[in-house]
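**Q** need a 3D model of the following:
(4 chains)
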4 protein chains.
Amino acid sequence: MKKRLNIGLIGYRFMGKAHSNALRTIPMFFDLPVEPVLKVICGLKDDVAAAAQMYGWQRYVHDWNEVVADPEIDIVAIASPGYTHAKIAVAAAANGKHIFCEKPLGMSSDEAGVMYEAARKNKVKHMVNFNYRRIPAVLLARKLVQDGRLGRIYHFKASYQQDWAADPAVPYLWRFDQRLAGAGSVADKGSHIIDLARFLVGEMIAVAGMSDIFIKERASLGNAQLKEEVTTDDAALFVARFANGALGTFQTSRIATGYKNALQFEIGGSKGCLRFNLERLNELEAYFADEESSTQGFRRILVTGPEHEYMDRWWPPGHIIGWEHAFSHQYYEFIKAIVEDYLPQPNFYDGLINQQVIEAVERAAQEKTWVTI
Amino acid sequence: MKKRLNIGLIGYRFMGKAHSNALRTIPMFFDLPVEPVLKVICGLKDDVAAAAQMYGWQRYVHDWNEVVADPEIDIVAIASPGYTHAKIAVAAAANGKHIFCEKPLGMSSDEAGVMYEAARKNKVKHMVNFNYRRIPAVLLARKLVQDGRLGRIYHFKASYQQDWAADPAVPYLWRFDQRLAGAGSVADKGSHIIDLARFLVGEMIAVAGMSDIFIKERASLGNAQLKEEVTTDDAALFVARFANGALGTFQTSRIATGYKNALQFEIGGSKGCLRFNLERLNELEAYFADEESSTQGFRRILVTGPEHEYMDRWWPPGHIIGWEHAFSHQYYEFIKAIVEDYLPQPNFYDGLINQQVIEAVERAAQEKTWVTI
Amino acid sequence: MKKRLNIGLIGYRFMGKAHSNALRTIPMFFDLPVEPVLKVICGLKDDVAAAAQMYGWQRYVHDWNEVVADPEIDIVAIASPGYTHAKIAVAAAANGKHIFCEKPLGMSSDEAGVMYEAARKNKVKHMVNFNYRRIPAVLLARKLVQDGRLGRIYHFKASYQQDWAADPAVPYLWRFDQRLAGAGSVADKGSHIIDLARFLVGEMIAVAGMSDIFIKERASLGNAQLKEEVTTDDAALFVARFANGALGTFQTSRIATGYKNALQFEIGGSKGCLRFNLERLNELEAYFADEESSTQGFRRILVTGPEHEYMDRWWPPGHIIGWEHAFSHQYYEFIKAIVEDYLPQPNFYDGLINQQVIEAVERAAQEKTWVTI
Amino acid sequence: MKKRLNIGLIGYRFMGKAHSNALRTIPMFFDLPVEPVLKVICGLKDDVAAAAQMYGWQRYVHDWNEVVADPEIDIVAIASPGYTHAKIAVAAAANGKHIFCEKPLGMSSDEAGVMYEAARKNKVKHMVNFNYRRIPAVLLARKLVQDGRLGRIYHFKASYQQDWAADPAVPYLWRFDQRLAGAGSVADKGSHIIDLARFLVGEMIAVAGMSDIFIKERASLGNAQLKEEVTTDDAALFVARFANGALGTFQTSRIATGYKNALQFEIGGSKGCLRFNLERLNELEAYFADEESSTQGFRRILVTGPEHEYMDRWWPPGHIIGWEHAFSHQYYEFIKAIVEDYLPQPNFYDGLINQQVIEAVERAAQEKTWVTI
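**A** Numbers count the residues shown, from 1 in each chain, chains lettered A, B, ... in the order given. Here you go, the predicted model:
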């Protein structure tokens, strides 16, 4: 019988569901040398009990301290609100737990730094869940960049657009409150595209940009007469210089009418260009300038064949996978790293750098200046 | 504790994996009043043991007779090769098991008729897994047709194209052998688009068409010098008249270079038009002629919002689901029908009619004539 | 000073305008060894005078006999209704005029045969204006087929869909009258896609299919109470076998809601696949199976570079051309053939064969049988 | 007989050809109350003689002073290199000629200001050829914005990407020389998207950004051993704040591999979103949030119907027009303004403001700061 890795998951709503699903799925599709066990799930409210049953956790608790202190637990997975990440992670690390943490890593680069330091000092494995790195089409993009198929990189463009807040009639939610949400679109959405920029092109050295709160107040959820002030940004734009000389441009928005979950990027180089859209995550568009000129054009690669990363584990070519399996792949990589004893990527270091970039963007927007990272 | 429904699954390869995954997934996403239990999986070869463990079945057997005879079993799921369907289903029905069967239902309409009769006589619930009926975008298409948004239906066009056999160098497989495969693309691929035609537009009354074996012989898998004769069609084309007057055109191909799993259809009516492609199964394209003329156009509907069938169970808008979840939805419907005691659709009757259409097409192609159904 | 070729054009509405525009345009973009002179335009009604002035013709007449008899005239261009083609062409040929004739060539294959014979006997140059052969993207498709880039051709699919008659409320027009229009969508739209099938794949040897009049009567234009009977088909479907073994499927429709001028075709072979849509006529989609597998995909070739046929005469890459320039290219080819003294393509022979195919389709639909061509 | 407007055109290469074609085309498609006469074309080199003949000009000269001084001439059209615009325009205005001038208007905002002042003082009609304002799809976009279909505008994104300089092996051209070209992509390409931003959204009040010369030196055209220094930018990125509060982001590039002439923009508001791509200039993509939610999606509007601006003059719906007809429409508007005696748009004022924005961007890039306009 396989060795077991016991998981304790903090958080049980959207993200908790996505984590649970990944953990349930991977044993069926990936040859894991160990068996992940859904030991305990943690949530403040009573309905964590129902979640525990539905998602298949052996038990539930209301206090995360019980999870990080539990000697049975090997992995602490953090899918709770951002302001809780640091204290949980630091405690988990102190107890020698491996940590799989949602993004953004902390509420600030300072917090992220503390978390990174704690994980490192305690020699636990750590991962920050920039899940989009694990989409096969994104991995193909990275491979093509690294193989030199694009030549020298000139351009990187990325946007992450949603429209759930576009209508001024959308009522006030916790996400509109700086104290609870930490930040608006630039952190929530921006952290993903900043991570992909780093993954695909490399480090950024300077940024400039702006952000805005277009809808300055919104009706209170219970009381339409009462207006509450919005303190997190609705949208942001920034430009960046990469260390390798490439020019980057970024947009984040939660008021981009027509876009539901549209993380898009484009990488242009001297020999080729790639385009990706999360709403069609099984596809990558590619152009190669070194082919016969009369038939050059952007091609739609359906990234579902066995030659593509992870896809031999799923279904035959042309059978697409869903959004949730970036989580499956991420957990697979984390568990593999634990078993084979190496530090996986993206880890807390990536979470830290990510937050430094976000803060640079925020400062650049606030001070209307270029900020060196 | 929830009442349990014990499942016995015959077949453990591609389809068996898809069935297992659906059964494991639905309890987490759908509020089932019962708990499906992966009791026993059945396969002839030894590696069914590994499959049982990986997919989470409690035990495995090599003889399907044990499954259908097992008093513990409530549902027999048939995902084994086509020639085994009839005998398994008839035996299962005789034992009062509910039956979930892969398509095509039998090897012929005669077989399908016997299966339908057996299920009906024994008053068990039965379903044939035309899974594509359960894709949210397909359900939206059906709703729009039934709501009259397209007006009177004039046109139905469908194709199911793959390219795994396009290269004459692809070696001989069992699918090229009429005795083992039953039929070629017209049955394997055609059954799906015939079912969607019936689901979306209604019954067909007459067909004409042709099919062909383009690559007449292929090298034996073990011995490239040895050529084996291909006896199943590579591709077929047929046209059909629907009972409601609409004109239909159909194409099936396993030699359609560039297409991996491209089931496509288009429905055109006096007031609108819809287009679907399985390789982008989270989308439906729609055109409505009753809108303001200067802004009419085909729109891409991202069918991921909570207003779309099943999608409130999965992820937020814009987070796409994968191919496998048509199976999840199908099993959910089957279990609901058992619990609430009604006959679900598509059932063995649909499987029977489907096969009658396939046979009409085959005869039309062979005799070079129109065939009335 | 350049030698002149004097043109006489019969017809002055939509087609007459398109012919005039092509003749005015080509001297500016193509190095013609002769100067085409817009000598005389012919129309029955008085407003031909205004057309003559607007389009730049030196004079106008009401009787086509004057045109074909005019010793000044070198080329007779026929853009008048179909039932007038044969008598004009035969008279023009008898007078030694070169003939550029709209499609379909005649009202029947008999008429077309007479026209072909007349042109041949009188040794004049003749062309039938299947203009879509002269679209650069179509020429690229042909080149790729002929260069073997698709390998052996398995599939040809074509449709020509418009929607101007989709609404039953569209009043009665001459196009709905068999006696005036000759035929419905199968001839009007079908002739184009049949010609492209021959141009791209080769001759067809047998057809089967059906056509229908969905809206059997329509309100009289002046009197909504009065219903008039529609006697030309709204839509048709047919399948064909090519001499080279390929399978073909064709659709024509004037009731295809959402489509304005959507001539589409797809050619599939053992090594590649091509797709074209007239509404995006500067593009060709292509898939090549002989490339590196992980980056295969349908590419959109923007056919605007100097390496593409005719495009060095127009604008820089990426600057698209409009529908009308297929006419420009066709006239350029016709004039070149006259100057260099060879028979251009497509000529009356192509017009004749085209009509034979249409008649075979019509008979197949009527008699519900396969018809050998 | 119609009154005549005599045109004198300075410049005879790409732009001269485009101007000539527009002037030849409009009398055939637009009911002009006057007849534009291609009187004289001017070019320094001998081959202007061939151009004059091919494009249909009555005569040619080598010195533009002759054109602006010619009492016969009503309109001076300036399609010569940028550094010649100001002196020609000022002289033409002094002589009471109406002026149609290519963009950018001058070499600097100072020059543009002088030109604007000269035209205004002399009460001539003036137009700067931001031709893309006259594309029917762009006009539809503007109409939808002005009709409030997008609600409050939040986002404007635009890029103008070409790839002719992407390969470092492209030899040195005059466009790489600051002294001859004035500026690089930011002026050449940027002026177009800045104009569209103003046309569609309104004035900008502040900008920040960066530009770069990626390929710092290139081989001399005649002598591959000799390297010449590139002094104009290859690409630029900038962000802008609009007076109405919208956020704008802009990219220009001549090294964007895969893009031939891809001017793209996107306008997002509280109620809708529009997308445009010049490589598909007959289309506009639109999303409207005020429609029934289950069928919302980006639609492709084929902007070819008679309800769309100018399109009733061309061909039936679905018959696309080419790039060149934005020029036709622009000249039509210019002549109409002369005849009806009003100041058309875009005029030299637009040219002036455009150049002020470009200079602000250049300064922002150079000084790494935000610049208020």
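
**Q** tell me which residue in the stretch 1-150 of chain A sits closest to chain D.
**A** Closest to chain D within the stretch 1-150 of chain A is A:Leu150: 7.7 Å, counting by C-beta to the nearest C-beta. All C-beta atoms are positioned from the backbone trio N, CA, C, and that covers glycine.

**Q** quick one: contacts for the residue nearest to A:Ile41 when sequence neighbours are not counted?
**A** Leaving out its chain neighbours, the residue that sits closest to A:Ile41 by C-beta to C-beta, 6 or more residues apart in numbering or on different chains is A:Trp57, at 4.1 Å. Residues counted as contacts of A:Trp57 (C-beta atoms under 8 Å, 6 or more residues apart in numbering or on different chains) are A:9, A:20, A:38-41, A:51.

**Q** next, the nearest residue to A:Asn244 once chain neighbours are set aside: phi, psi?
**A** Distance criterion C-beta to C-beta, 6+ apart; nearest residue to A:Asn244, sequence neighbours excluded, is A:Gly202 at 5.2 Å. Main-chain torsions, A:Gly202, degrees, to the nearest 10: phi 130, psi -170.

**Q** for A:Gly202, grab the count of nearby residues.
**A** 16 (other C-beta atoms under 10 Å in any protein chain shown).

**Q** and the longest helix anywhere in chain A, does that touch chain D?
**A** In chain A, with assignment by DSSP state H, the single longest helix is helix A:348-367. No: if you take C-beta under 8 Å from any C-beta of the partner chain as the test, helix A:348-367 misses chain D, and the best it gets is 8.8 Å.

**Q** could I get the buried residue list for that helix?
**A** Within helix A:348-367, the residues that count as buried by 16 or more other C-beta atoms under 10 Å in any protein chain shown are A:348-362, A:364-365.

**Q** ok now it, how far from the chain's centre?
**A** Centre-to-centre, helix A:348-367 and its host chain are 15 Å apart (C-alpha atoms, centre = their mean, to the nearest Å).

**Q** after it comes which helix or strand?
**A** strand A:371-372 (DSSP states H and E).

**Q** residues touching that next one, excluding its own?
**A** Defining contact as C-beta under 8 Å, 6+ apart, one finds that strand A:371-372 is touched by A:205-208, A:360-361, A:363-364.

**Q** which two from those residues end up farthest apart in space?
**A** Greatest spatial distance in the contacts of strand A:371-372: A:Ile205 and A:Arg363, 14.7 Å, computed using C-beta to C-beta.

**Q** please save the CA atoms from stretch A:114-128 in CSV.
**A** Extracted C-alpha coordinates of stretch A:114-128, given in CSV (Å, rounded to 0.1, in the frame of the first residue of the first chain):
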residue,chain,number,x,y,z
VAL,A,114,8.3,36.7,6.3
MET,A,115,6.5,33.7,4.9
TYR,A,116,9.3,32.9,2.5
GLU,A,117,11.8,33.2,5.3
ALA,A,118,9.8,30.9,7.6
ALA,A,119,9.4,28.2,5.0
ARG,A,120,13.0,28.4,4.1
LYS,A,121,14.3,28.3,7.6
ASN,A,122,12.1,25.3,8.5
LYS,A,123,13.1,23.5,5.3
VAL,A,124,9.5,22.7,4.3
LYS,A,125,8.4,22.6,0.6
HIS,A,126,6.4,25.6,-0.4
MET,A,127,4.4,26.5,-3.4
VAL,A,128,2.3,29.6,-4.3
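
**Q** buried residues in that stretch, which are they?
**A** Buried residues in stretch A:114-128, defined by neighbour count with 16+ other C-beta under 10 Å: A:114-116, A:118-119, A:122, A:124-128.

**Q** got it, and stretch A:332-342?
**A** Buried residues in stretch A:332-342, counting neighbours by 16+ other C-beta under 10 Å, are found at A:332-335, A:337-338.

**Q** before we move on, what about stretch A:284-293?
**A** Applying 16+ other C-beta under 10 Å to stretch A:284-293 flags A:284-289 as buried.

**Q** can you tell if that stretch touches chain B?
**A** No: using C-beta under 8 Å from any C-beta, stretch A:284-293 stays clear of chain B, coming no nearer than 13.5 Å.

**Q** list, one by one, the residues from the stretch 201-350 of chain A near chain B.
**A** Counting by C-beta under 8 Å from any C-beta, the stretch 201-350 of chain A sits next to chain B at A:259-262, A:278-282, A:302, A:304-305, A:314-325.

**Q** the residues you listed: which ones sit near chain D?
**A** The subset of these within reach of chain D, by C-beta under 8 Å from any C-beta, is A:Tyr259.
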